[in-house]
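S.K.: Dropping a prediction and its sequence here:
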Amino acid sequence: MPADLLSRHDRALLDAVAALAAAGSPAARVVLAQGRLLTPAPWPRSGAPRRGAAGGCHGNALRVARLLPGAYAEGYALAADGTALAHAWCAAADGTVLDPTRPEDPALAYLGVPMDPDFILAVQRRTLTKTRFRGVLDVGVQARDAGRIFQAGVPLHGMLDVGRTGAY
């Protein structure tokens, strides 16, 4: 995506994730290579599943992604103070974010890898992390999975075509 079409929040998030990648974060490297920019949106007033508890973004996002059409996304969210936070959320087919962990206060920008919920369930089974899931980009989860995603990225069969590319 041309830089002039990025919002200032998108650019700030891309820059922050690039800095994390340069500092050696394998998760940030994957997100920069395969991530998509997704559009922040408020939580729907009706028709949406129950929101999740704070601190449980990966489980919250996976639960909602399994109930609604769309993707489970994992990557980084730009907080109001300009900090890039590791986070997980859901994304509709049009790239709109549904964030069950931050329903009243969506982030300013989202950059993450949109994945098929069935792929996430397969990773959970393979890594024995279903009861304490911390996301596929977690260092501990990747240690249990021979670092597959940190080495080769999320396989194409696990990704969904959602959001805008934010080529850095």
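M.R.: That came through fine.
S.K.: quick one: L111 and P40 touch, right?
M.R.: No - the pair L111 / P40 is not scored as a contact, 11.3 Å apart, by CB atoms under 8 Å. Glycine gets a C-beta too; all of them are placed from N, C-alpha and C.
S.K.: who's more crowded, those two?
M.R.: For L111 versus P40, the count of surrounding residues by other CB atoms under 10 Å is larger for L111: 28 against 18.
S.K.: Could you pull out the buried residues of the helix or strand that one falls within?
M.R.: If you go by DSSP states H and E, L111 is part of strand 109-115. Within strand 109-115, the residues scored as buried using 16 or more other CB atoms under 10 Å are A109, Y110, L111, G112, V113, P114, M115.
S.K.: Bridged to the residue nearest the centre of the chain, which residues?
M.R.: By CA atoms, centre = their mean, the chain has its centre lying nearest to E74, at 1.9 Å. Beta-bridge partners recorded for E74 (DSSP bridges): A88, V113.
S.K.: Now do the contacts for it.
M.R.: Taking CB atoms under 8 Å, 6 or more residues apart in numbering, we find E74 in contact with H58, A61, H87, A88, G112, V113, M115, G135, V136, L137.
S.K.: for the protein, what spans make up the helices?
M.R.: 8-22, 26-34, 57-67, 117-127, 139-143, 148-152 (DSSP state H).
S.K.: A93: which of those helices is closest?
M.R.: helix 57-67 (12.1 Å; CB to CB).
S.K.: related to what we said a few turns ago, from the buried residues of strand 109-115, which single one is nearest G147?
M.R.: V113 (15.9 Å).
S.K.: any idea how far G70 is from the closest one?
M.R.: 14 Å (CB to CB, to the nearest Å).
S.K.: same thing with A22?
M.R.: In terms of CB to CB, A22 sits 31 Å off from G70.
S.K.: With neighbour numbers in mind, choose between those two.
M.R.: G70 (22 against 11).
S.K.: Now do the contacts for the residue nearest to the more buried one when sequence neighbours are not counted.
M.R.: Excluding the flanking residues, the one nearest G70 by CB to CB, 6 or more residues apart in numbering is A92, at 4.7 Å. A92 makes contacts with L68, P69, G70, L98, V162, as judged by CB under 8 Å, 6+ apart.
S.K.: Select from these the one having the most neighbours.
M.R.: Most surrounded of the contacts of A92: other CB under 10 Å gives L98, at 25 neighbours.
S.K.: any low-confidence regions in the chain?
M.R.: Counting by pLDDT under 70, the chain shows low-confidence ranges at 1-4, 46-50, 52-53, 103, 167-168.
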